[in-house]
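# what follows is a protein structure lacking sequence information:
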């Protein structure tokens with residue numbers, strides 16, 4: 001895999017009203033992936049798309065844009081499984097079905113980094129701040145950027161340490177495993 005220098009993140013929500021952008025920015029800046037530009041440049045570009053359906057629909061075109069830029073861009077897709085997808089693998093299949101309709105090859109599709117919460121990122125934040133959460137219910141809404149940023153920083157610290165986390169929500173574990181797979185490819 002080629003060296004990459006920017007990360008484009010498609011996510012749910014609307015700019016200015018969703019915590020996703022704050023969480024994504026803080027997490028990625030704290031992880032400091034070795035293949036991105038040095039600190040201080042525009043490393044992360046979150047693109048809120050509204051609903052999950054809109055994220056699914058926009059992914060193939062955004063992947064094509066990223067691939068056309070060459071080795072300068074990595075596409076991350078952040079979405080929620082919600083109640084209509086059994087798990088992260090089922091949701092990834094929804095994205096693959098859309099990508100196939102747009103003539104995306106499996107090899108190109110596999111370059112996308114998927115990050116899927118079961119219901120909302122708030123469940124992850126609840127887990128990271130309290131040590132527990134129940135992904136079968138929506139976590140409490142978080143409205144303060146500092147709480148979101150602190151949780152993202154804690155997740156980055158856990159990822160960088162490479163430690164397994166006891167009682168980690170399944171969707172968070174799945175997403176962390178996908179991140180670790182990307183990191184291995186990039187070395």
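That came in fine, so what should we check first? Since the structure is predicted, the reported quantities are computational estimates derived from the model, not experimental observations.

# which stretches of this structure form helices?
Listed in chain order, the helices of the chain (DSSP state H) span 20-31, 52-68, 88-101, 106-109, 121-130, 145-161, 170-186.

# any idea which of these gets closest to residue 46?
Among those, the nearest to residue 46 by Cβ to Cβ is helix 20-31 (4.3 Å). C-beta here means a position set from N, CA and C on the backbone, and glycine is covered the same way.

# before we move on, back to that, which of the helices of the chain comes out lowest on mean pLDDT?
Here those differ in mean pLDDT, and the lowest is helix 170-186 at a mean of 79.

# tilt between that one and helix 121-130?
Angle between the axes of helix 170-186 and helix 121-130 is 90 degrees (criterion: axes from the mean of the first three to the mean of the last three Cα atoms, to 10 degrees).

# could you say what helices and strands helix 170-186 packs with?
The contact analysis (3 or more Cβ pairs under 8 Å, 6 or more residues apart in numbering; DSSP states H and E) places helix 170-186 against helix 88-101, strand 113-117, helix 121-130, helix 145-161.

# can you redo the helices of the chain as TSV with distance to residue 76?
Shown next, in TSV, are the helices of the chain (distance: least, Cβ to Cβ, whole Å):
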stretch	distance to residue 76
helix 20-31	8
helix 52-68	10
helix 88-101	12
helix 106-109	13
helix 121-130	13
helix 145-161	14
helix 170-186	9
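
# dump these into CSV; add mean neighbour count as well.
Converted to CSV, the helices of the chain look like this (neighbours: other Cβ atoms under 10 Å):
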stretch, mean neighbour count
helix 20-31, 21
helix 52-68, 17
helix 88-101, 16
helix 106-109, 12
helix 121-130, 21
helix 145-161, 17
helix 170-186, 16
